[in-house]
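**Student:** dropping a prediction and its sequence here:
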Amino acid sequence: MRFFLDTEFNGFCGDLVSIALVPEDPGRPAFYEAIICDRPEPWVAAHVIPVLGTIQQPRPVVAEALADYLAAAGAPVIVADWPEDVAHLARLLIIGPGRMLAVPKLVFELADVPGFDASAESAVPHNACADARALMAFVLRQEAFIEG
């Protein structure tokens with residue numbers, strides 16, 4: 001099953017602030033967590049932190065929750081529109097030198113989504129969960145157009 005990924009991070013190549021995985025199956029819950037961000041960049045403080053909509057947790061708590069979510073997903077295909085989103089998810093699974101959290105086989109797909117603008121399509125721009133839902137809706141519309 002596909003899960004659509006979005007993250008928010010503290011500036012270019014900055015630390016992860018929030019992460020969301022939205023399943024293609026509407027009967028499954030989404031994964032959405034935020035990580036404590038002690039020193040947000042001014043843009044992040046103005047545009048991301050105010051729309052988190054969830055309590056910020058320590059990074060290890062979010063990492064464990066992500067591993068548990070992925071374990072229950074079987075063999076997920078993670079769809080993202082930006083390489084840094086994939087990098088942040090992968091880094092979140094690393095818990096020490098040569099150590100990572102146990103997860104099932106993961107397949108990453110970097111979607112070709114010309115014309116997609118999360119800020120314009122999202123119900124809550126810069127909220128990772130809303131942005132992941134917008135990405136999913138865009139990809140599904142794109143696929144329906146190609147098939148039909």
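**Tutor:** Perfect, I can see it now. Just so it is clear, the structure is predicted and the values come from calculations on it, not from any experiment.
**Student:** quick one: the helices in this structure?
**Tutor:** Along the chain, the stretches classed as helices by DSSP state H are 42-47, 59-71, 83-92, 118-121, 128-147.
**Student:** ok and the third one relative to helix 128-147, angle-wise?
**Tutor:** Relative orientation of helix 83-92 with respect to helix 128-147: 130 degrees, computed using axes from the mean of the first three to the mean of the last three C-alpha atoms, to 10 degrees.
**Student:** contact partners of helix 83-92?
**Tutor:** Contacts of helix 83-92 with the rest of the structure, by C-beta atoms under 8 Å, 6 or more residues apart in numbering, involve 5-7, 9, 13, 16, 19, 59, 62-63, 66, 78, 80, 108, 110. Where you see a C-beta, it was placed from the backbone N, CA and C, and this is true even at glycine.
**Student:** pLDDT averaged over that helix - what is it?
**Tutor:** Helix 83-92 shows a mean pLDDT of 97.
**Student:** now do it against helix 59-71, angle only.
**Tutor:** 100 degrees.
**Student:** can you list the helices of the chain in TSV and add mean neighbour count?
**Tutor:** Shown next, in TSV, are these (neighbours: other C-beta atoms under 10 Å):
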stretch	mean neighbour count
helix 42-47	13
helix 59-71	17
helix 83-92	18
helix 118-121	14
helix 128-147	18
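**Student:** now the ones you listed as TSV including distance to Glu24?
**Tutor:** Putting the helices of the chain into TSV (distance: least, C-beta to C-beta, whole Å) gives the following:
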stretch	distance to Glu24
helix 42-47	28
helix 59-71	15
helix 83-92	17
helix 118-121	17
helix 128-147	7
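**Student:** so which of these gets nearest Pro23?
**Tutor:** Closest to Pro23 of the helices of the chain is helix 128-147 (C-beta to C-beta; 8.6 Å).
**Student:** output the contacting helices and strands for that closest one.
**Tutor:** strand 2-9, strand 16-23, strand 77-80, helix 118-121 (3 or more C-beta pairs under 8 Å, 6 or more residues apart in numbering; DSSP states H and E).
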